[in-house]
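Asker: Turn this into a structure:
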Amino acid sequence: MKTRLKSRRTRKMQFAKRLPKGPTGGIELLLIQSVEDLGQQGDVVEVRPGYANNYLLPQGLATVASEHHKRMVEKHRSKLQALEKAHQSTLRKYATEISKQSITIEANATAEGHLYGSVGAPEIAEVLKKNGISLKVDQIRLEGVLKELGLYTVKFRLSSHVDGELKVWVVPTVGADVAE
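Answerer: Numbering: from 1, shown residues only. Coordinates of the predicted model:
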């Protein structure tokens, strides 16, 4: 049993050693897809080993920046840019469609209009999902949770170049006693 664990650990360490080092000691990777706050598709970036091994490589967002991969990207850069442009255009249309939506969230509130709890990004994403729009919780940009009844303009981000706004009504639960 120990030999099996040791061999796995050794293989993992050998894999980590094979990744190319950048000029400042990080791991040099080629981005397969654009990653927010890191770079665009086709960029060669240098990241920390943990970020590379635990996120970028397993998610398929990046690959090892070998000379072969760099040549392939240069060869197909125009196709990649056309694909990225088409993807951004699709996201802009989707953002326009979402921006036309106005959603209503019911919540228990006091007579003064203060919520007993709060409304956050998970609740907004859930209501949008019920309306047939899929937004991840981390794509919804709230400055803080919503703690009062009223109309709010909530921002969302589909990519680093595509943002939008959505109207959210927070209303008292039907049948609840709110001040006259």
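
Asker: Now do the contacts for Thr63.
Answerer: Contact analysis of Thr63 by CB atoms under 8 Å, 6 or more residues apart in numbering lists 29-30, 32, 57, 69. In short, each C-beta sits where N, CA and C put it, glycine included.

Asker: Return the helix or strand in the chain with minimum mean pLDDT.
Answerer: When each helix and strand of the chain is scored by mean pLDDT, DSSP states H and E, helix 2-18 comes last, with a mean of 55.

Asker: just checking, next helix/strand downstream of that helix?
Answerer: Next helix or strand after helix 2-18 toward the C-terminus (DSSP states H and E): strand 27-31.

Asker: Packing partners of that following strand?
Answerer: Packing partners of strand 27-31 (3 or more CB pairs under 8 Å, 6 or more residues apart in numbering; DSSP states H and E): strand 44-47, strand 62-64, helix 67-75.

Asker: Next, the angle from the longest helix belonging to the chain to helix 67-75.
Answerer: Taking DSSP state H as the criterion, the chain has its longest helix at helix 77-99. Interaxial angle, helix 77-99 versus helix 67-75 (axes from the mean of the first three to the mean of the last three CA atoms, to 10 degrees): 70 degrees.

Asker: And for the helix or strand that helix 77-99 is followed by, what's in contact with it?
Answerer: Using DSSP H and E, the helix or strand that follows helix 77-99 towards the C-terminus is strand 102-107. Applying CB under 8 Å, 6+ apart, the external contacts of strand 102-107 come out as 115-117, 119, 123-124, 127-128, 131, 149, 166-174.

Asker: Need the pLDDT of the closest residue to Lys155 other than its chain neighbours.
Answerer: Ranked by CB to CB, 6 or more residues apart in numbering and with sequence neighbours excluded, the top spatial neighbour of Lys155 is Arg141, at 4.3 Å. Arg141 is assigned a predicted lDDT (pLDDT) of 91.

Asker: and what of Ser160?
Answerer: 79.

Asker: pLDDT score for Tyr51?
Answerer: 92.

Asker: how about the helix or strand where it lies: buried residues?
Answerer: In this structure, Tyr51 sits in helix 49-51 according to DSSP H and E. Within helix 49-51, the residues scored as buried using 16 or more other CB atoms under 10 Å are Tyr51.
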